[in-house]
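S.K.: Starting from these lines, generate the structure:
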Amino acid sequence: MQKTEFFKKVNAPLSNTRWSWVGVNEELNQAFFIVINDKKNGFVSGQIGSRQFVIRESNWNDSSAGFNEQSHVIQRCISGEFSAQVVLADFDKELWDSEQETSITGLLGQFYFEVEVEMEASGAVLAHEKAMYRLDKNNGRYALQKR
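M.R.: Okay, the predicted model is just below:
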């Protein structure tokens, strides 16, 4: 599914379709974080609640607009103002690893995870799965698994 299509369906617009890592549905107080689908965040089968995602590595510390936007929303999730969701990016791992300029345009399916956000002392931001949802054709959601 295209990234812009997913964020439109969940009414959580991205500030910038190229560099935003999070979209917010202000009406429902939901934040949708894009995470990289790699060996740390791979979608694997398992018991509900056993999946953990890395929203931000401890070494990501810059002053980019995407970093600042994501930092603000992370704090709002930690404070309980927003519920947090994670959606997995579909991207070309070889291109990403080559450090060429690239942009994430696709997401893996129409599913997402409701998560609990935690910031570690190192600065890394982790998300612990609470439930997995899939969008239905009417843009609603239904639970695939719940803990």
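S.K.: only C-alpha atoms for contact and neighbour calcs from this point on.
M.R.: Will do.
S.K.: Show me where this structure has its strands.
M.R.: Applying DSSP state E to the chain gives strands spanning 22-25, 30-36, 52-56, 83-90, 106-107, 111-119, 125-135, 141-146.
S.K.: for the second one, the distance to its chain's centre please.
M.R.: Just to be clear, that refers to strand 30-36. Here strand 30-36 is found 2 Å from its chain centre; the criterion is Cα atoms, centre = their mean, to the nearest Å.
S.K.: now swap in the fourth one and tell me
M.R.: In this view, strand 83-90 has its centroid 3 Å away from the chain centroid, taken as Cα atoms, centre = their mean.
S.K.: so what strands line up beside that strand?
M.R.: Strand 83-90 pairs in its sheet with strand 30-36 (parallel), strand 106-107 (antiparallel), strand 111-119 (antiparallel), by DSSP bridges.
S.K.: So what touches the second one?
M.R.: If I follow you right, that is strand 106-107. Strand 106-107 has contacts (Cα atoms under 8 Å, 6 or more residues apart in numbering) with Met1, Gln2, Lys3, Phe6, Val87, Leu88, Ala89, Asp90, Phe91.
S.K.: in the longest helix along the chain, what counts as buried?
M.R.: When the chain is scanned for its longest helix (criterion: DSSP state H), the result is helix 65-78. Across helix 65-78, burial judged by 16 or more other Cα atoms under 10 Å covers Gly66, Phe67, Glu69, Gln70, Val73, Ile74, Arg76, Cys77.
S.K.: residues touching the closest residue in space to the fifth one that isn't next to it in sequence, list them.
M.R.: Leaving aside its sequence neighbours, Val73 sits nearest to Ala31 (Cα to Cα, 6 or more residues apart in numbering; 7.2 Å). For Ala31, the contact set (Cα under 8 Å, 6+ apart) comprises Ala12, Val22, Gly23, Val24, Asn25, Val73, Cys77, Phe82, Ser83, Ala84, Gln85.
S.K.: if I look at the residue nearest to the second one when sequence neighbours are not counted, how far off is Glu69?
M.R.: Spelled out, that is Val22. Among residues not flanking Val22 along the chain, Phe33 sits closest, at 4.4 Å (Cα to Cα, 6+ apart). The gap separating Phe33 from Glu69 is 11 Å, by Cα to Cα, to the nearest Å.
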